[in-house]
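K.L.:
Coordinates only, no sequence provided:
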C-alpha cells in the first residue's frame with residue numbers, strides 16, 4: 001500500500017457534515033416550494049369558505065329585508081320564530 005495516497009475511508013467522518021450541508025442546500029428549494037404551495041392551498045381554502053359564508057349571510061339578510069319590508073304587520077303567513 002502506498003503511504004503517500006490517503007485512503008478515502010479515514011476522511012469519510014470529516015466529509016459527512018459537509019455532505020449533509022450540501023444535501024440540505026440542494027433540497028431547500030424543493031421543500032420551500034412545497035411548503036409555499038401547501039400554505040397557498042390552505043389560504044385559498046380558508047378564503048373560499050369565508051366567501052361562501054359571506055354570500056350566505058348576504059342572501060339571508062336580503063331575504064329577511066324583503067320579508068320585513070313587504071310583509072304587513074300581523075301577517076300570519078310569515079313563519080314564526082322557534083322557541084325553546
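P.N.:
Thanks, I have the structure now. This is a predicted model, so every value here is computed, not measured. Residues are numbered from 1 along each chain as shown.
K.L.:
Can you get me a residue count around residue 43?
P.N.:
Neighbours of residue 43 under the rule other CB atoms under 10 Å: 10. Yep, even glycine has a C-beta here, placed from its N, CA and C like the rest.
K.L.:
Phi and psi next, for it.
P.N.:
Here is the backbone geometry of residue 43 (degrees, to the nearest 10): phi -70, psi -40.
K.L.:
Helix or strand for residue 26, just tell me which one.
P.N.:
Here residue 26, judged by DSSP states H and E, is contained in helix 8-70.
K.L.:
In this structure, where is pLDDT below threshold?
P.N.:
Filtered on pLDDT under 70, the chain yields the residue ranges 1-11, 68-84.
K.L.:
same thing but at 90, please
P.N.:
Applying pLDDT under 90 to the chain flags residues 1-21, 64-84.
K.L.:
what about residue 67, distance to residue 54?
P.N.:
Using CB to CB, to the nearest Å, residue 67 is found at 20 Å from residue 54.
K.L.:
same question, residue 31
P.N.:
Distance of residue 31 to residue 54, given as CB to CB: 35 Å.
K.L.:
repeat for residue 48
P.N.:
Applying CB to CB, the value for residue 48 to residue 54 is 11 Å.
K.L.:
One more: residue 66?
P.N.:
On the measure of CB to CB, residue 66 and residue 54 end up 19 Å apart.
K.L.:
try residue 17
P.N.:
Residue 17 sits 53 Å away from residue 54, going by CB to CB.
K.L.:
what do you get for residue 24?
P.N.:
For residue 24, the distance to residue 54 - CB to CB - is 43 Å.
K.L.:
Ok, residue 14 next?
P.N.:
Taken as CB to CB, the span from residue 14 to residue 54 is 60 Å.
K.L.:
ditto for residue 35
P.N.:
28 Å.
K.L.:
Also residue 39?
P.N.:
Residue 39 sits 22 Å away from residue 54 when distances are taken as CB to CB.
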